[in-house]
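**Student:** following is a predicted model, sequence given first.
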Amino acid sequence: MNTFKMFTKPLMWFMAAALVVLTAGCGGSSDPILAGGGDASSSAKAITAYSLAGSMGAIDEVAKTIAVTVPYGTPVTAMTATYVTTGASVAVGTVAQASATTANDFTNPVAYTVTAGDATTASYTVTVTAASISAKAITAYSLSGVAGTINETAKTIAVTVPSGTNVTALVASFASTGTSVAVGAAAQTSGTTANDFTAPVVYVVTAADASTASYTVTVTVAAATAKAITAYSFAGYAGAPGMIDETAKTIAVTLPFGSDVTALVAQFVSTGQGALTVGGVSQVNGVTQNNFLSAKNYVVTAADATTATYTVTVTVASASPKAITAYSLPVGATNVAGTINEGAKTIAVMLPSGTVVTNLVATFTTTGTGGVTVATVTQTSGTTANDFTAPVVYVVTAADASTASYTVTVTFAAANPTAPVLGEAGRFVILANQAISTTGTTAIVNGDIGITPAARSFITGFTLSGSAGDYAELTGSTWAGMASTSYAPADPNPDPFPYPLAYVSPHAPYATTGAMLTQASTDLGIAYTFLTTDPNPTAPTQVCPTELGGQVLTRGVYKTATNVLISTGTLYLDAQGDPNAVFIFSIGGTLTTGAPGGSIVLMNGALAKNVFWATGGTTVIGAGTIFYGNVFAWTQVNVLAGAQITGSLFGITDRVTLIADTVTKAP
């Protein structure tokens, strides 16, 4: 299990000093900076940071709840919490608690009572949930106390460290829902293992079911003049991030009605060097308290000793807010966000076809402080289950007892499309009508190439290796372990001839290679017609965007009569946990991928073999891009230099051209 001893919130705004504090523990009143217990008149009694076995808790200061998700299989009967409190003492029942020392049984929710210096108390309920067996996310990451920005979709983490930082041996602090984390063959321990970040570093997270996810960490060193506050919030108020105006150097924070602003603990990220100060007092991220009844000026110092001053103003909301501002429902290990119509007070959630909705647990954020109910049942985000077979009405109560009702309606996405049958064409990674050519060093892996009706002389640029049809560029094996090779109509029959195919069985042996290629060409035409004909047997047709860059698409049939680009960003194909999810793109014109975007990422179990691109014109795959799927181009497939393709390329009436590319048949 990963060791993760640092303070974080959903936006992961934490600094090195907070790591030190959490590692040391801070439960009692002996530390006046943290506990506030040195002042008998102090009313401070918050838990501002909390973790269990390296898994950070999400603190809701308004609801006084702490939610912790631990890796799958973690024993919870005797767990020791590490926490930060502004109170004088902490207890569970009658048992005094010491951070990083006292163990508790978290099989059921545990209530922590925090007592202030003036003897007033606050109670926090800690609920522990085990991650799914397939969970493998990095949920928080920092280097030298600087929080990383995690892009879960792209699986990237960006960290900007202060000017002058030596990045050759940095130690990361991180949290993960997986059971182990490695860089290359080296196991990683949060807060311990050093790595060289001169170049991007790839972290591989392994889940309890042995599946993996890879996160690429890129470190940038800030300029010597850098002195910005790039993120700001208060501990316990995850839903109230500071709004930073970089031009005016102001930060505005609005907290829920009833919030006590006299002892708030700020969490922040800065590009400056050294500690921030308020009134000459050094600020420790996630630790130092300030009274925000009046604005506070934070001074940030750059590496070149220049400074910038940010003015933080805190406003407490009125008594009547009662909105649901975010809502989602789970599908496997992911959450599907609902679309909130604030005017109509409706929330629409579209789930994959076949999802069981009789016992779903919603995750939501609300501005109401009087609670949320469904019928008479109090709702807790991430905990309370409901039956969504029919619309469900959530009633949100404000601090002044006024209410607002939101109706949640669940609908289902289209059923999974039926994939085409490739028949004899299924043996090929490349099959063309008129020509196949390559320049430069091309690699074709785990598939045959074929041409028909044109002759073998129209296969050009390949390096002969052994007998006719064997090229050095063809590596790996096809079905039944046979070595990858090439076929042309006039070739003599191989001995033995490769039949019956795994793709078409049973069938009679072919009399000639030409007969096999004729059948493959026929089957290719049938598959192309299937892909371009409406409707698909099991799924309706949707409109395909003409620019797919930046889109996140789920399974379905996407069709357009015009040209399509993947150029402005990455296209994400999300299987939503279904490895059988089929993606069909029927494009009447051309398909072109390339700069500045152009790559494709498969998410949540999507497989290249289930992605199909049928184009009425030429398909151009851009230089250096990553492409997934099987291309059925009516005319040409042109692959520019350095592309990486997982799938098959079919030039139905013309050719396939390559330039030093890698083409791997989808397994």
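**Tutor:** Arrived safely, thanks for sending. Numbers count the residues shown, from 1 in each chain.

**Student:** where do the helices sit along the stretch 451-600 of the chain?
**Tutor:** Using DSSP state H, counting those that start in this stretch, the helices found in the stretch 451-600 of the chain span residues 513-532.

**Student:** show me where pLDDT drops low in it?
**Tutor:** 479-481, 494-509 (pLDDT under 70).

**Student:** what do you get for the chain?
**Tutor:** For the chain, applying pLDDT under 70 flags the ranges 1-41, 239, 414, 479-481, 494-509.

**Student:** mind running it again at 50?
**Tutor:** The model of the chain has pLDDT under 50 over residues 1-38, 496, 500, 502.

**Student:** which residues in it form helices?
**Tutor:** 16-24, 32-35, 513-532 (DSSP state H).

**Student:** who does the last one touch, helix- and strand-wise?
**Tutor:** For helix 513-532, the contact count by 3 or more Cβ pairs under 8 Å, 6 or more residues apart in numbering; DSSP states H and E identifies strand 428-432, strand 448-451, strand 486-487, strand 583-587, strand 611-615, strand 630-633 as packing neighbours. Any C-beta I mention is one placed from the backbone N, CA and C, and that applies to glycine too.

**Student:** who wins for proximity to G332 among these?
**Tutor:** With Cβ to Cβ as the criterion, G332 lies closest to strand 583-587 of the helices and strands packed on helix 513-532, at 17.8 Å.

**Student:** what about the closest residue to T80 other than its chain neighbours, how many residues nearby?
**Tutor:** Excluding its sequence neighbours, the residue lying closest to T80 (Cβ to Cβ, 6 or more residues apart in numbering) is A103, at 4.9 Å. Other residues near A103 come to 11 when the count uses other Cβ atoms under 10 Å.

**Student:** swap in K665?
**Tutor:** Neighbour number of K665 under other Cβ under 10 Å is 26.

**Student:** not counting its neighbours along the chain, what's nearest it?
**Tutor:** G447 (3.3 Å).

**Student:** next: G450.
**Tutor:** Nearest to G450 is Y487, by Cβ to Cβ, 6+ apart, at 4.2 Å.

**Student:** so who does that neighbour touch?
**Tutor:** Going by Cβ atoms under 8 Å, 6 or more residues apart in numbering, Y487 touches 448-452, 469, 513, 516-517.

**Student:** distance to T325 and neighbour count added to those, as CSV?
**Tutor:** Output for the contacts of Y487, formatted as CSV (distance: Cβ to Cβ, whole Å; neighbours: other Cβ atoms under 10 Å):
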residue, distance to T325, neighbour count
D448, 55, 23
I449, 55, 27
G450, 57, 28
I451, 59, 27
T452, 60, 21
G469, 63, 22
T513, 65, 21
M516, 61, 25
L517, 60, 23
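
**Student:** let's have the residues you listed in TSV, adding distance to T85.
**Tutor:** TSV is the format used below for the contacts of Y487 (distance: Cβ to Cβ, whole Å):
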residue	distance to T85
D448	67
I449	67
G450	70
I451	73
T452	75
G469	74
T513	78
M516	75
L517	75
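
**Student:** from those residues, which is closest to T618?
**Tutor:** Nearest member of the contacts of Y487 to T618, counting by Cβ to Cβ, is I451, at 18.0 Å.

**Student:** wait, that closest one sits on G469?
**Tutor:** No. Shown here, I451 and G469 do not form a contact pair, counting by Cβ atoms under 8 Å, at 10.9 Å.

**Student:** who touches both of those two?
**Tutor:** With Cβ under 8 Å, 6+ apart, I451 and G469 have common neighbours 486-488.

**Student:** show me what V331 is bridged to.
**Tutor:** T334 (DSSP bridges).

**Student:** neighbours around it, how many?
**Tutor:** 17.

**Student:** ok, now A454?
**Tutor:** Neighbour tally, A454, other Cβ under 10 Å: 17.

**Student:** which residues sit in contact with it?
**Tutor:** By Cβ under 8 Å, 6+ apart, the contact list for A454 reads 432-435, 488-489.

**Student:** still on that earlier bit, residues contacting the residue nearest to K665?
**Tutor:** With Cβ under 8 Å, 6+ apart, G447 has these contacts: 427-430, 476, 478, 484, 648, 663-665.

**Student:** neighbour-wise, which one of those residues leads?
**Tutor:** Going by other Cβ under 10 Å, S648 tops these with 29 neighbours.

**Student:** burial check on the residue nearest to it when sequence neighbours are not counted, number of neighbours?
**Tutor:** Spatial nearest neighbour of S648, chain neighbours left out: N630 (4.5 Å); criterion: Cβ to Cβ, 6+ apart. Residue neighbour count, defined by other Cβ under 10 Å, stands at 27 for N630.
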